[in-house]
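Visitor: Provided below are the primary sequence and the corresponding predicted coordinates.
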Amino acid sequence: MTTKRPLDAVTDLPRRPGVGKTGRHIKVMVNVYPLRELVETIAYQYDVSITPAVPVPLSRVVWKLAEEQFRAGSKKAYVVYDGRNNAFTTMDLGDSLVATVNHDAGDDAVSDDSAGSGDEEEVTSDGDDAEGKAGKRMGGWRWDTDDYGTITLATAETAGGAKFSSFKVVLRKTATIDFHELLLYAAGKGPESDAVQHAVTALSTVLRHAPSMTYTSVGANFYTPHDSTPLTGGLEVWRGYHQSLRVLMAGHLGVNVDVAATVFRKGDYHVLDLAMDIFNVSDVVALARAPQFRERLLMELKGAKVVTTHRGDKDKQRFRVGRLSPEGADKYMFMDADGATKTVAQYFAEQYNYKLKFPFLPCALKPNGKTAFPLEVLKIVPGQRFMRKLNGQQTSEMIRQTVQKPEQRASKIQRAVDHVLLYENEYMKSFGLNVETSMLSVPARVLPAPMVVFAPDGQNRPRAVPGTDGFWQLRNQRLAQAVPLVSYAFIFFIRISEVEACAVRDTLVQKFLVAGLNIQGGNAPVLIGNPFQAGNIRAYLQTAYKEAKMAFNKPPQLLICVIDKDPKGIYEDIKRITLTEAGVLSQCLLSKHVGKAQFIKDQYALNVALKINIKLGGATNYVDRLPYFEVPTMVVGADVTHAHAGSAAPSVAAVVTSLDSKAVRYQTFLRAQPSRVEIINDLENIIGTAVDNFHKTNKDQWPERLLFFRDGVSSGQFKEVRETELAAVKAALAARGIETAVTFIVVQKRHHLRFFPTDLNYDKSGNCLPGTAVDTDITHPTEFNFILQSHAGLQGTSRPTLYHVLHDEIQMGADQLQQLCFNLCFLAERATRSISMVAPAYRAHLAAYYGRMFLEGDFTNDTASTTGTSQEIPVRINNVKDHIAEKTMYYM
């Protein structure tokens, strides 16, 4: 019989059952600054309209000029503006006001990047928060009132390209805001009503107003090009700060302040210099010889805003690049205003007396395709946020440039509070806001770590080591479950001699055996193929499959492929062919690690061995205890991954479900769904199949408990997830007539909360100790959530994970749930470390990312984003073969 905790008028979600007591009690600093005093005042909201309509960047310039007129009646009438359509003030300015302002346009460039989604996750460092965009919850969470786009204070040019010097700004009163309900909510005495959400919107705008008038604003972040650093490919990293309002369990508000970094296009950068940077050549002539020059350059330039240079400062044209001409400027023909047909090179020579230096290069065309400009007369407009996904090299560069140890990060945050974010400004004073300038100190506990359990030794004695440090050694230990590897083959898609290839094979096999891999067959077939020749990748994989089958009298379980970074897409091709067509596992190794037998490192071979064993269905280790697993229990991890901003490629949902009492064996389900759809569409069928398989695997026992860990859901989507995904889980169980107690927990990583240690409570990296848990002060005022830093730091500042219970039929206690989550973080299996989130959610995250490789269709050029809506794009995925998905963890 399942039971539920009673709900009340304050919240629809489970209330906190008390706070945790287990563990060593300590104090930590958290990057939240208390806003303890909030005057119970009245505020007024005004709708803002600017005529003629202007892009977001210019709106703040116009507002700044108009504000003085609005305040003419009273100098105390400070009005804050969100950059779009809303303004707030504590003074009643009347029902309607009008101001007319003049602005000298000049010729500076405008970057209107407000068309970007505001979802910064694809290019930001340290996970710029995308949470809150889909909804309005903010208890203990970040609050996003809107996407503010990129603000550069520049020219008076409208979205249509015309220039104006006079603007009409109209304010119309739309609402009165009372902060009383917000105070009740913060005290845990009232619900999160519309009035609460409205009040937080107003206060968030107040906090952001002053810095947004000075710095480039992106959502809740503020950036400056000062101290920017370059990335390859014509990009640069801009640094800045994050600021958001949180409602705290402590009974008051707090301001979450963090450092932030994101990627912009390098401004005033000549397009030809950009092209040479992208192709890594030293002269323009070499560009024409670069392989796939036009296609690759279009991928980088499409959607970028450029400005012409051939006429100096006179009549500059700014436009977004739509495509590139199929021929060079000396061959690309068009009809001029007089009806004459000529090349672009001829036109420039006749019209502007400008002889092109590089007429063989293509032209950039506007999105409508009607106007073309030679690349050599174009520069990149400054202030453009880069919305596409970074490549591997750029990602590595950005991590190196932005990584900061905890003490460095804390120092920069404090500097921002003291000197940048301007908490003593008159706008905040007018609303009665007083933010303290010292970080909040909060109670925390270091949870006891589990014992990490391995296979018994030769005398069948149990072997285990403590996980206290968050990492452990495999020395003198045996893998908990080593699956026999009987049939396999090696394929080298690199230049290598047969003798060296065999030496690499033998060295790897020997090191794998030392690591504990259960290899039962020797002298595996070795093939060497040229991946640049069309069809070779598939052909060599097929040949390797056949030769392994002949050599071992059994179809291969694994194909080990040695590859280089080129040709592009080789990794994805191998995975698609092996997993969705051949039904065999594959393990890719980069040649820089295994190109020479004598240079293969033991640690690298160990890491690969662990991955192979997990892929085969084995286990590296168990833990000695999992609370609530004393009866048959199934854990579920789920995540949905989306294409990068600007692409309308389908989303991929992944669900992993456990099959054993140790929570190390999982089956995996992948589903494709329309672009940006977060709710998992086919969950009832997935859970039904998973429960049936659990029943078969566990001697006809149904799960008595089901723990569902859902990754990637923002707090604004809680209601929708409960009403759809939780309902689907319950429907699958009801269809089988079984009474399984379900607890549904959201796992959140996209936030800006950071813990900073005090006293000696830190690890070797300077981060808080693994197992540091917080469930008071900065958490939700009433609901059941907590924050756990479960992993040891490697570099930079560790990011803790937030867990929020949406449904709880198991009636879990605070101590038991926190300990369960911590212990599950020791079951990553492919590394000898605890990880930052529970293993089911981690596995689902990896599987969803893997699933993007199996989508049908080519989305590499983001053509979907310009050819139609997401509903017009086929949503299909090539499924991994059933025996692979059900019995292996191929994505590990």
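Guide: Thanks, I have it.

Visitor: Enumerate the helices of the stretch 201-350 of the chain by residue range, in sequence order.
Guide: The residue ranges that make up the helices of the stretch 201-350 of the chain, judged by DSSP state H, counting those that start in this stretch, are 271-279, 293-301, 344-352.

Visitor: what is the rounded mean pLDDT of the first one?
Guide: Which is helix 271-279. Confidence for helix 271-279, expressed as mean pLDDT, is 93.

Visitor: what's in contact with that helix?
Guide: The list of residues contacting helix 271-279 from outside it, by Cβ atoms under 8 Å, 6 or more residues apart in numbering, reads 232-234, 266, 282-284, 286-287, 290, 293, 296-297, 300-301, 306, 358, 361, 364, 375-376, 378-380. (C-beta placed from N, C-alpha, C; glycine too.)

Visitor: follow-up on the earlier one: give me whichever of the helices of the stretch 201-350 of the chain is most buried.
Guide: Most buried of the helices of the stretch 201-350 of the chain, by mean neighbour count (mean count of other Cβ atoms under 10 Å): helix 271-279, with a mean of 20.

Visitor: circling back: and the contacts of helix 271-279, which of them are buried?
Guide: Neighbour-count burial (16 or more other Cβ atoms under 10 Å) applied to the contacts of helix 271-279 gives 233-234, 266, 284, 287, 290, 293, 296-297, 300-301, 306, 358, 361, 364, 375-376, 378-380.

Visitor: mind listing which of those are in strands?
Guide: Counting by DSSP state E, the buried ones among the contacts of helix 271-279 place 306, 364, 378, 379, 380 in strands.

Visitor: where does the last one land on pLDDT?
Guide: As summarised for this prediction, residue 380 has a pLDDT of 96.

Visitor: Identify the residues contacting it.
Guide: Taking Cβ under 8 Å, 6+ apart, we find residue 380 in contact with 234, 265-271, 274, 304-307.

Visitor: Including distance to residue 421, could those residues go into TSV?
Guide: TSV is the format used below for those (distance: Cβ to Cβ, whole Å):
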residue	distance to residue 421
234	31
265	26
266	27
267	25
268	29
269	30
270	36
271	37
274	34
304	31
305	29
306	34
307	33
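
Visitor: buried set for stretch 63-70?
Guide: Within stretch 63-70, the residues that count as buried by 16+ other Cβ under 10 Å are 63, 65, 66, 67, 70.

Visitor: What mean pLDDT does that stretch get?
Guide: Computed over stretch 63-70, the mean pLDDT rounds to 87.

Visitor: which other residues reach that stretch?
Guide: Residues lying outside stretch 63-70 but in contact with it, judged by Cβ under 8 Å, 6+ apart, are 48, 50, 77, 79, 81, 83, 93, 97, 99, 101-103, 167, 169, 171, 213.

Visitor: Report the residue spans of the stretch 401-550 of the chain with pLDDT below the cut-off.
Guide: With pLDDT under 70 as the threshold, the stretch 401-550 of the chain has no low-confidence stretch at all.

Visitor: where along it do the helices fall?
Guide: For the stretch 401-550 of the chain, applying DSSP H, counting those that start in this stretch gives helices covering 406-419, 426-430, 498-515, 536-552.

Visitor: Mind putting those into CSV with mean neighbour count and distance to residue 701?
Guide: Conversion of the helices of the stretch 401-550 of the chain to CSV gives the following (neighbours: other Cβ atoms under 10 Å; distance: least, Cβ to Cβ, whole Å):
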stretch, mean neighbour count, distance to residue 701
helix 406-419, 17, 46
helix 426-430, 17, 60
helix 498-515, 17, 34
helix 536-552, 18, 36
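
Visitor: With residue 338 as the reference, name the closest of those helices.
Guide: Residue 338 lies closest to helix 536-552 among the helices of the stretch 401-550 of the chain, at 53.6 Å (Cβ to Cβ).

Visitor: Against residue 634, how distant is the residue nearest to residue 308 when sequence neighbours are not counted?
Guide: Once its chain neighbours are removed from consideration, residue 308 has its nearest residue in residue 317; the separation is 4.7 Å (Cβ to Cβ, 6 or more residues apart in numbering). For residue 317, the distance to residue 634 under the criterion Cβ to Cβ, to the nearest Å works out to 61 Å.

Visitor: between those two, which one's more packed in?
Guide: The residue with more neighbours, out of residue 317 and residue 634 and counting by other Cβ atoms under 10 Å, is residue 634; that gives 26 against 15.

Visitor: The more buried one touches residue 705, doesn't it?
Guide: Yes: using Cβ atoms under 8 Å, residue 634 makes contact with residue 705 at a distance of 7.4 Å.

Visitor: Residue 604: what's it in contact with?
Guide: For residue 604, the set of contacting residues under the criterion of Cβ under 8 Å, 6+ apart consists of 593, 594.

Visitor: Please spell out which residues along the host helix or strand of it are buried.
Guide: Per DSSP states H and E, residue 604 falls inside helix 602-615. Applying a neighbour-count criterion of 16+ other Cβ under 10 Å, one finds 604, 605, 606, 607, 608, 609, 610, 611, 612, 613, 614, 615 buried in helix 602-615.

Visitor: The buried residues of stretch 63-70 in helices, which ones?
Guide: Of the buried residues of stretch 63-70, the ones assigned to helices by DSSP state H are 63, 65, 66, 67, 70.

Visitor: what two of the residues you listed are the furthest from one another?
Guide: 65 and 70 (10.6 Å).

Visitor: Quick one: the strands in the stretch 1-150 of the chain, in order.
Guide: Taking DSSP state E, counting those that start in this stretch to define them, one finds strands in the stretch 1-150 of the chain at 24-30, 32-35, 37-38, 42-51, 79-81, 86-89, 96-102.
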